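Asker: Let me see the structure of the following:
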Amino acid sequence: MDNDLLNKGLNIFLEILKYGGWPAFLVALIYIYKNDEQFDRWLARGERFLTWFGLRREKNFITRDLQARINTFSKRANKEAEGVVTNKVQVVWVTKDNIESFLRKGTVIIKMKHLDNHDENVVNAATHYVSKGILPNARKYIDEQINKALDLILVKKILVEEDDKGTSTEFFFKSTLTPSLDSDTNLKNRFQTLEMMENNGLLTRILLREMRIMGKKLHPQVPTRPVLDETKKFFDFLEALARRERGENIGTLNFIDQNIKVGILYVARGEVISLHGYVPYKKRIEQKIKLGSKNIYMFARRKNNILAVKEIADSFRQRQEITDVNNFEFKTRLDHEVVPAICTLIRIKA
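Answerer: Next up is the predicted model:
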């Protein structure tokens, strides 16, 4: 959300106000319902202005500020992979030093002591939210080092949702992110891989989505070594995709294991479509289904390839074994410019 949207909402409100209070009131309620993260951000700005009145205002500001960032982040994340993020958080202020956090009925409860450093309060709350509110059922099945890297990149994503040039992000870099990466080369490599996955549309749309599906399937089983190995192998599989050079051939792009069964297809070569139409891509999808893929992800960049992906996917919609076809459009970088991209998910019956 930005200032243009805010101005638009206010203009609509003022226009309807001319015709009576109740319509304006109803419009305002609908606007707040659809843009709750922006509403929290407005309230947070009000609380920030009033923080000099006392400690309680400072605490209110932290709670509102965190909720606004989490709502903004969760809307985007759940649009890309529904259900990976818990979008409710409650901060309970206590006097003891130890921070506690837990998940209760869909809300992340964070018990923490108020500190003089506002940025430290925000970073502490965001860190504990991430550990409990994102992939709550799947975390125990994921390799510990990958979990640590996920925590770091997800806290970073939440903090950079702020509209203004806030200092919480800088505090996080100096106090947590940089020291953690500088002291652990393996963690640094994992984190950098996740950043590449994010840039290529793989982080939320595939990695977090598949981890959520697996967690839902296995919870509350005790994690076993084969399961931990499987999630690690899947991470490595996606790492090869994230690090691939443009045009590089890295194999058949299938990952079929006990719990994760994924096929990936890139539609990127215009000459293939010019010579053979969509037939080669349809054949690859057929092969992935026969191999046992339960989720097939198709990626493309630029207008013509995006259209091709949609039309190829549409040709499978009526197939008996297909449960759903969803298109997720986003922006990515290609040749130093921002271009449109798509990730289409074809789901196959279990």
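
Asker: in the stretch 151-300 of the chain, which spans are helices?
Answerer: According to DSSP state H, counting those that start in this stretch, the stretch 151-300 of the chain carries its helices in the segments 168-172, 178-183, 185-199, 209-218, 225-242, 270-276, 279-291.

Asker: and the shortest one, what's its mean pLDDT?
Answerer: Which is helix 168-172. The predicted model gives helix 168-172 an average pLDDT of 92.

Asker: Quick one: list the elements packing against it.
Answerer: For helix 168-172, the elements it packs on are helix 118-133, helix 144-159, judged by 3 or more Cβ pairs under 8 Å, 6 or more residues apart in numbering; DSSP states H and E. Bear in mind the C-beta positions are built from the backbone N, C-alpha and C, glycine included.

Asker: Could you list the buried residues of the first one?
Answerer: In other words, helix 118-133. Residues 118-119, 121-133 are the ones in helix 118-133 that count as buried (16 or more other Cβ atoms under 10 Å).

Asker: Nearest to residue 332, out of the helices of the stretch 151-300 of the chain?
Answerer: Nearest to residue 332 among these is helix 185-199; the distance by Cβ to Cβ comes to 6.6 Å.

Asker: want to throw the helices and strands packed on helix 168-172 into TSV with distance to residue 323?
Answerer: Formatted as TSV, the entries for these read as follows, by distance: least, Cβ to Cβ, whole Å:
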stretch	distance to residue 323
helix 118-133	28
helix 144-159	28
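
Asker: Which segments of this structure make up each domain?
Answerer: Following automatic domain parsing, one gets these domains for the chain: 3-188, 244-348.

Asker: Select, out of these, the one closest to residue 198.
Answerer: Among the domains of the chain, the nearest to residue 198 by Cβ to Cβ is domain 3-188 (7.1 Å).

Asker: Count the residues that sit near residue 105.
Answerer: Counted with other Cβ atoms under 10 Å, the neighbours of residue 105 add up to 6.

Asker: meant to ask about residue 104
Answerer: Look at residue 104: counted by other Cβ under 10 Å, it has 10 neighbours.

Asker: same question, the one 10 residues further on
Answerer: The burial count assigned to residue 114 is 15, neighbours taken as other Cβ under 10 Å.

Asker: list the contacts for it?
Answerer: When contacts are counted by Cβ atoms under 8 Å, 6 or more residues apart in numbering, residue 114 is found next to 55, 58, 59, 62, 93, 121.

Asker: Good, wrapping up.
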